[in-house]
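> take this sequence and fold it.
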Amino acid sequence: MIRKVLLFLLCLINTLCACKRSCKSSPKHSGLITVKLSGEFKGDTPRESLSLVGTSSVEKLTLDKENKFSKTFQLKQGIYHLLDTPLYLADSFDLNITFNQDDYEKKTYTFTGKGAKENEILTNINREVWDFYGVVIGFLIQPTTIFWKKLNAFTQKLENQLSDTTLDKTFVEAEKQDIKYIAKNIAENYSINYGLTASKDGGVPKTTGKTLSQKEKDKLKQFIDQNVDLSNEKLFTVSTGYRDFLSRRYRSNIPVVGKETTSINFISLAFAAIDKTFQNEKIKEYFWHKDFSEYLMFGSADFIRDTYTAYKKRAKNPAFIQDIYERYQKATRSFKGETPPNFNYEDINGNKVSLNSLKGYYLYLDVWAQWCEPCRREQPFFERLQKQYKGKSIRFIGISVDRQKEKDKWKKHVIDHRMKSIQLITDRNFNSEFIRFFRVTIIPRFILLDKESHVISSNALRPSDPKLKKIFSSLEL
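Here you go, the predicted model:
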């Protein structure tokens, strides 16, 4: 009897010790941190949620009726992206964020609470880097001595923002490494594009014929390749500059493809380039998710289907797989045979024109803006088609995504260029429901609808493409 009691007590002690050890395995000890995010999304675009994307996770922030959110997470410390904003998250951060996206081209972010200082600096650095790339275009024809002087001054300016001793120490050390890779990215951009100069009309940069000497190329290459590790998972979680550097590396391994390349072949080449460039599986998974989620935003229905099918076969990260599935579901809404939402847009005379009022005609739509140079280049071809098919059961409709405050510029462009096609302007530029249905982020974009306004092609051939007339000839015009 005594022996049984002793055995029972020993088992009880072992159980309690095991429990004690288990209780000690808190989120902090398991490599996770606790973070609270709250805030508000201000913008024209209706949203149900926002995605917080990390190097191996995707978390959802649900918006209430007032477009506000609040949620506590347990995740790994590092850099995440909320919309297109990089966020640095560390343990016990209680960060409040206001996203103001009322203006499509000028987005602002306001931070308050614990973690605000770090994220204000991160956002500012990110903005200054993009601004500096604009400066780089200005001296792509300047000697390398000027380039190095400008680059050193710029990186010092970025590092000076990290002097506050109250900043999170891990953040400061990570940003110092980040700035080194930002400099490498800028140097690589300079090396590849040297000799180009911005065109006066804001279009494609023009070459001046200037080239770097072999000695200058070697110095740039040495700077870019020095102390590079393509498998630094720790740095990968905290540095956007390092991620951009790795992205450049793998993209350079994708062969140049011709027009005959099928979508599935291109996707296979992209996968092969990632596999060739990286050994680290988590880094591979990240780029599979990041780049293939972008592929789902563009291209034909076949390309989108092939992208999704190929991704499913290779991916292993459950969070990324679920996110890609949700993106795929949204992408398939604009496939052939689907019906887009009705619009009710204004023409140059102030009259409203709806999609429903155009039923009974095939519709060839040109999504454009008066500031878009590639759009303007397609317009003469668009107008010629409109004239050629006049009297047929097809209508040529221009839909401008210019902002309402630029309506006068849009009207002037239409009048000055004597455009005879039906010209409309959206109510909320790129954020209009009809435009969002087709996931338009790059213009010009051409769309072909049948007589019942069902989708024939959500990414139709451009009017300058001779093969477009063959498609028209197959319609009952």
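> in this protein, which helix or strand is least confident?
Lowest by mean pLDDT, DSSP states H and E among the helices and strands of the chain is helix 2-24, with a mean of 40.
> so what strands line up beside the next helix or strand after that helix?
Sequence-wise, the next helix or strand downstream of helix 2-24 (DSSP states H and E) is strand 33-43. Counting by DSSP bridges, the strands paired with strand 33-43 are strand 68-75 (antiparallel), strand 94-101 (parallel).
> the ones you listed: which one's closest to residue 272?
Among the strands paired with strand 33-43, strand 68-75 comes nearest to residue 272, with 31.2 Å by Cβ to Cβ. (C-beta placed from N, C-alpha, C; glycine too.)
> can you give the contact residues for the closest one?
Contact partners of strand 68-75, identified using Cβ atoms under 8 Å, 6 or more residues apart in numbering, comprise 27, 32-41, 50, 52, 54, 57, 59, 61-63, 89.
> try stretch 281-299
The set of residues external to stretch 281-299 that reach it, using Cβ under 8 Å, 6+ apart, is 55-56, 230-231, 233, 236, 243, 246-247, 250, 263, 267, 270-271, 274-275, 278, 303-304, 307-308, 310-311, 314-317, 320, 323-324, 327-328, 331, 439, 441-442, 459.
> so which of these belong to helices?
233, 236, 243, 246-247, 250, 263, 267, 270-271, 274-275, 303-304, 307-308, 310-311, 314, 320, 323-324, 327-328, 331 (DSSP state H).
> any idea which of the strands paired with strand 33-43 is most buried?
strand 94-101 (a mean of 18; mean count of other Cβ atoms under 10 Å).
> what sits up against that strand?
35-45, 82-83, 85, 87, 89, 107-116, 119.
> direction included, what does the helix or strand harbouring residue 109 pair up with?
Residue 109 belongs to strand 108-114 when assigned by DSSP H and E. Strand pairing for strand 108-114, determined by DSSP bridges: strand 94-101 (antiparallel).
> run the chain-centre distance for the partner strand.
Put simply, strand 94-101 sits 19 Å off its chain's centre (Cα atoms, centre = their mean, to the nearest Å).
> now do stretch 336-354
27 Å.
> buried sites along it?
340, 343, 345-348, 353 (16 or more other Cβ atoms under 10 Å).
> ok, and what's touching it?
301, 332, 334, 355-356, 399, 411, 414-415, 422-427, 432-434, 437-438, 449, 452-458.
> which among those end up buried?
Buried residues within those, counting neighbours by 16+ other Cβ under 10 Å: 301, 334, 355, 399, 411, 414, 422-427, 432, 434, 437-438, 449, 453, 455-458.
> so of the residues you listed, which ones are in strands?
Residues of the buried ones among the contacts of stretch 336-354 located in strands (DSSP state E): 399, 422-425, 449, 455-457.
> turn those residues into JSON lines, including distance to residue 175 and pLDDT.
Output for these, formatted as JSON lines (distance: Cβ to Cβ, whole Å; pLDDT from 0 to 100):
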{"residue": "399", "distance to residue 175": "43", "pLDDT": "97"}
{"residue": "422", "distance to residue 175": "52", "pLDDT": "94"}
{"residue": "423", "distance to residue 175": "48", "pLDDT": "96"}
{"residue": "424", "distance to residue 175": "46", "pLDDT": "96"}
{"residue": "425", "distance to residue 175": "43", "pLDDT": "96"}
{"residue": "449", "distance to residue 175": "49", "pLDDT": "96"}
{"residue": "455", "distance to residue 175": "46", "pLDDT": "92"}
{"residue": "456", "distance to residue 175": "50", "pLDDT": "93"}
{"residue": "457", "distance to residue 175": "46", "pLDDT": "89"}
